[in-house]
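Novice: I need the structure of the sequence given here:
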Amino acid sequence: MAIPDLWTYRDQTVTQTDLAGFEVEARDGGIGKVDEATYEIGGSFLVVDTGPWIFGKKVMLPAGVVDHVDYDTQTVFVDRTKDEIKNAPELDETRYGDETYRTELGSYYGTPRDRFTDEGPLV
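Specialist: Here you go, the predicted model:
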């Protein structure tokens with residue numbers, strides 16, 4: 001089984017819709033709204049505004065954590081928990097285009113290999 005890239009959407013149809021404004025749902029509940037979404041090959045991510053849930057913190061989520069999108073309800077489902085996102089590094093708006101910053105975030109969210117085995121995704 002091919003291991004997905006952390007910075008690439010699992011479902012390439014996501015790149016055909018602007019996800020800004022969509023609700024974001026973690027494994028265990030809502031966490032905020034998409035403030036910005038990018039669609040660069042091998043470098044895609046979401047900026048999520050967590051709003052009052054964690055005092056207005058913005059976080060950057062690699063595209064590979066997006067499990068699926070429900071276009072009818074305008075909801076992005078991610079395969080991380082609320083605590084994982086709450087404890088993520090806050091978005092550094094001066095560095096988020098920088099490859100070093102993405103590497104640091106990738107270390108936090110884990111490489112795809114950490115979440116996959118030869119048999120499929122770890123649950």
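Novice: now Leu46: which helix or strand?
Specialist: Element membership for Leu46, per DSSP states H and E: strand 45-49.
Novice: what's that strand in contact with?
Specialist: For strand 45-49, contacts defined as Cβ atoms under 8 Å, 6 or more residues apart in numbering pick out 7, 19, 24, 31-38, 56, 58-63, 66, 76, 85, 91, 96, 102. No exception for glycine: its C-beta is placed from N, CA and C like everyone else's.
Novice: after that strand, next one along is what?
Specialist: Criterion used, DSSP H and E; the element after strand 45-49 is strand 58-62.
Novice: assign the nearest residue to Leu6 once chain neighbours are set aside to helix, strand or coil.
Specialist: Once flanking residues are discounted, Leu6 sits nearest to Gly64: 4.1 Å by Cβ to Cβ, 6 or more residues apart in numbering. Three-state assignment for Gly64 (DSSP: H, G, I helix; E, B strand; the rest coil): helix.
Novice: just give the number of residues close to Gly64.
Specialist: When counting by other Cβ atoms under 10 Å, one arrives at 24 neighbours for Gly64.
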